[in-house]
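Asker: Coordinates for the following, if possible.
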Amino acid sequence: MAVEEKRAWALAASALVGYAVYVVLVLTGRHGRPLAETPYIGALLWTIGLGIVFGVVTGIWFGIAARNDGLQADERDREIGRFGDHVGQSFVVIGGISAMALAMFEVAHFWIANVLYLCFVLSALFGSMAKIAAYRRGMP
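Answerer: Numbers count the residues shown, from 1 in each chain. Presented below is the predicted three-dimensional model:
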């Protein structure tokens, strides 16, 4: 398995786990309040921050392992990386447009933040899935 494919698996797993933890924290912190009034900022910042730390640590770890094995990224790895990034970036755009529309309709900050976070997670997940599929089945 290529190092970049391992990184894609790690990113997909951390995005899913981090978002699941966030959802559980928000839902258990409701205490009878409406969802839009639930405190979410702390859980949001912690799960995003820990996801970033996890991504950096696994990236360094896989990079060291690849260097020890004498592996380097080649043209195929770079092309697959660009392909996955393009797939993932589409969800960032969708999230930005959705958040802008919600802001124009003066929707609660809770929903705007959660739409953005969900789209960041979908970006990481689908971008990673596209990379994994390209490694397994070849480029489309």
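
Asker: what's in contact with stretch 17-32?
Answerer: The contact list for stretch 17-32, computed with Cβ atoms under 8 Å, 6 or more residues apart in numbering, reads 35, 38-40, 43-44, 47-48, 50-51, 54, 117-118, 121. To be clear about C-beta, it is placed using only N, CA and C from the backbone, and glycine gets the same treatment.

Asker: Take these and write them to a markdown table, including pLDDT and secondary structure.
Answerer: Listed next are the contacts of stretch 17-32 as a markdown table, based on pLDDT from 0 to 100; DSSP: H, G, I helix; E, B strand; the rest coil:
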| residue | pLDDT | secondary structure |
| --- | --- | --- |
| L35 | 94 | helix |
| T38 | 94 | coil |
| P39 | 95 | coil |
| Y40 | 96 | coil |
| A43 | 97 | helix |
| L44 | 97 | helix |
| T47 | 97 | helix |
| I48 | 96 | helix |
| L50 | 96 | helix |
| G51 | 94 | helix |
| F54 | 94 | helix |
| Y117 | 97 | helix |
| L118 | 97 | helix |
| V121 | 97 | helix |
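
Asker: Could you identify the most distant pair in the residues you listed?
Answerer: L35 and F54 (27.1 Å; Cβ to Cβ).

Asker: Those two: who's more crowded?
Answerer: Applying other Cβ atoms under 10 Å to L35 and F54 shows that F54 carries more neighbours, namely 17 against 13.

Asker: List the residues that contact that one.
Answerer: If you count contacts by Cβ under 8 Å, 6+ apart, F54 has them with A10, S14, G18.

Asker: In helices only, show me the residues you listed.
Answerer: Counted as lying in helices by DSSP state H, out of these, are A10, S14, G18.

Asker: Which entries within these meet the buried criterion?
Answerer: Buried members of the ones in helices among the contacts of F54, counted by 16 or more other Cβ atoms under 10 Å: A10, S14, G18.

Asker: Which single one of those is nearest to D69?
Answerer: Using Cβ to Cβ, the shortest approach to D69 within those belongs to A10, at 17.0 Å.

Asker: for this structure, what spans make up the helices?
Answerer: Ranges of helices within the chain are 3-28, 41-68, 75-104, 109-137, based on DSSP H.
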